[in-house]
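1. Pasted the sequence and its predicted model underneath.
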Number of protein chains: 2
Amino acid sequence: MTGSDAIDRTVQAIREHGGRVTDQRKAILRVLFDESDHVTADELVRRVNSALPDVHVTTVYRFLDTLEEMGLVAHVHLGHGPAAYHLTTHRHAHVVCDGCGTIEVIDSSTIDRWSSELRRQTGFQLTEQHFAFAGRCSRCAGPR
Amino acid sequence: MTGSDAIDRTVQAIREHGGRVTDQRKAILRVLFDESDHVTADELVRRVNSALPDVHVTTVYRFLDTLEEMGLVAHVHLGHGPAAYHLTTHRHAHVVCDGCGTIEVIDSSTIDRWSSELRRQTGFQLTEQHFAFAGRCSRCAGPR
DNA sequence: AACTTATCGCAGGCTGGTTGCAACAAGGCG
DNA sequence: CGCCTTGTTGCAACCAGCCTGCGATAAGTT
């Protein structure tokens, strides 16, 4: 319900943006809105293909690019591997565990606090977190 | 003076580690200790080659790997491009400006403070900053 | 239905980094 | 000193992640 509503609105936005709505794009949108988490381009392709075979990686990358241009999607670099894409429904930053790869979403207010502290000290301010913070989750860090 | 002292000590450490000291390795070390800043593998190759031609990229990567294993060198990912290598003479983290690419080194005590705050909140602690923080320097952020 | 033009799939390319392997040479030993 | 073991080198080839060029296809306007 909510999901397909959101998709309908996105489809509308794409057309207003001068874009066309193809079966491939609809399938990609469905996966994106279904999966509330982060997806790599490759995972996205795999899942799209299970509904609509033969959608090519390039198609996915190109559509993700236009969605990013439109501000509906963002990608984050979680580490050495491929980037992860997510809807920009709410601002957040990411911490990735070096040990087990767990991704934790951290609140943007924390980042904002750090950013203003850093700005006072050095003039730098942290931007939307395009690169994840590396760390260790409580399990991998162990006691102490 | 100090530089070549440090190199001599490193050469010693390499031998104790069971490694051999070749002309290529000496040339790489010279560049590393000369350049107190961060260098990409490619820059390193170029500078090494100006002293000793035909040293191959692979050689540089492999030697950097062993230096990292020995804990003498670390690399940091500053953004989308190649990684930057530096001596581990002192612990520090990096902030990269999205706008102009300026790299600023930030004190590890700041990171430690953030890390313990995050740990209290989520159990996560930030590790040595293998990935740089993205941000905007005062010039690129503009006033306010 | 006709037509314009965005989008698609595919082949191929690019960057940053790694691997397999034969030739080479560091440095230990007699 | 010269021999010999074994770490190191250069080269070619490969890999992942992503992007580009291009002719074919199809969305959506009229």
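-> Received, thanks. Everything numeric in this text was worked out from a predicted model, so none of it was measured. Numbering: from 1, shown residues only, chains lettered A, B, ... in the order given.
2. From B:H38, how far off is A:I14?
-> 42 Å (CB to CB, to the nearest Å). Using the backbone N, CA and C atoms, a C-beta is placed for each residue, glycine as well.
3. Residues of chain A that sit close to DNA strand D?
-> A:15, A:20-23, A:40-42, A:57-58, A:61-62, A:65, A:81-83 (CB under 7 Å from any atom of the strand).
4. What is the nearest of these to A:I7?
-> Closest to A:I7 out of these is A:V21 (10.2 Å), distances taken as CB to CB.
5. And the strands in chain A?
-> For chain A, the strands defined by DSSP state E occupy A:39-40, A:73-76, A:84-87, A:92-97, A:103-107, A:125-126, A:133-136.
6. Let me have the ones you listed in a markdown table, extended by mean pLDDT.
-> What follows is the strands of chain A, written out as a markdown table (pLDDT from 0 to 100):
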| stretch | mean pLDDT |
| --- | --- |
| strand A:39-40 | 96 |
| strand A:73-76 | 95 |
| strand A:84-87 | 96 |
| strand A:92-97 | 92 |
| strand A:103-107 | 89 |
| strand A:125-126 | 92 |
| strand A:133-136 | 90 |
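7. Any chance of a markdown table for the ones you listed, columns mean neighbour count?
-> Shown next, in a markdown table, are the strands of chain A (neighbours: other CB atoms under 10 Å in any protein chain shown):
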| stretch | mean neighbour count |
| --- | --- |
| strand A:39-40 | 18 |
| strand A:73-76 | 19 |
| strand A:84-87 | 20 |
| strand A:92-97 | 21 |
| strand A:103-107 | 16 |
| strand A:125-126 | 20 |
| strand A:133-136 | 23 |
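8. could you dump those strands to a markdown table with distance to DNA strand C?
-> Formatted as a markdown table, those follow (distance: least, CB to the nearest atom of the strand, whole Å):
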| stretch | distance to DNA strand C |
| --- | --- |
| strand A:39-40 | 16 |
| strand A:73-76 | 14 |
| strand A:84-87 | 15 |
| strand A:92-97 | 18 |
| strand A:103-107 | 22 |
| strand A:125-126 | 23 |
| strand A:133-136 | 16 |
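9. For A:F33, find the nearest of those strands.
-> strand A:84-87 (7.1 Å).
10. Is stretch A:101-117 positioned near chain B?
-> Yes. For stretch A:101-117, a contact with chain B is found by CB under 8 Å from any CB of the partner chain, at A:104, A:106, A:110, A:114-115, A:117.
11. When A:I14 and B:H38 are compared, which one has more neighbours?
-> A direct count of neighbours by other CB atoms under 10 Å in any protein chain shown for A:I14 and B:H38 places A:I14 higher, at 21 against 18.
12. mind checking how far the more buried one is from A:F63?
-> Counting by CB to CB, the gap from A:I14 to A:F63 is 9 Å.
13. and chain A, what are its domains?
-> A:2-87, A:92-141 (automatic domain parsing).
14. Pick out the shakiest of these, pLDDT-wise.
-> Ranked by mean pLDDT, the domains of chain A end with domain A:92-141 in last place, scoring a mean of 90.
15. Tell me the gap between that one and the middle of its chain.
-> Centroid separation between domain A:92-141 and its chain, computed with CA atoms, centre = their mean, to the nearest Å, is 15 Å.
16. how long is that domain end to end?
-> Start and end residues of domain A:92-141 are separated by 23 Å (CA to CA, to the nearest Å).
17. For the residue nearest the centre of chain A, list the residues it contacts.
-> Nearest to the mean C-alpha position of chain A, counting by CA atoms, centre = their mean, stands A:H86 at 2.2 Å. Each residue near A:H86 by CB atoms under 8 Å, 6 or more residues apart in numbering or on different chains is listed here: A:37-39, A:73-76.
18. Then A:M70?
-> By CB under 8 Å, 6+ apart, A:M70 lies in contact with A:13-14, A:17.
19. Could you report the distance from it to chain B?
-> 20 Å (CB to the nearest CB, to the nearest Å).
20. May I have the phi/psi pair for that residue?
-> phi -80, psi -10 (degrees, to the nearest 10).
21. Roughly how far does the residue nearest to A:L126 when sequence neighbours are not counted sit from A:H130?
-> In space, and not counting its chain neighbours, A:L126 is closest to A:S115: 4.1 Å by CB to CB, 6 or more residues apart in numbering or on different chains. As judged by CB to CB, A:S115 and A:H130 stand 14 Å apart.
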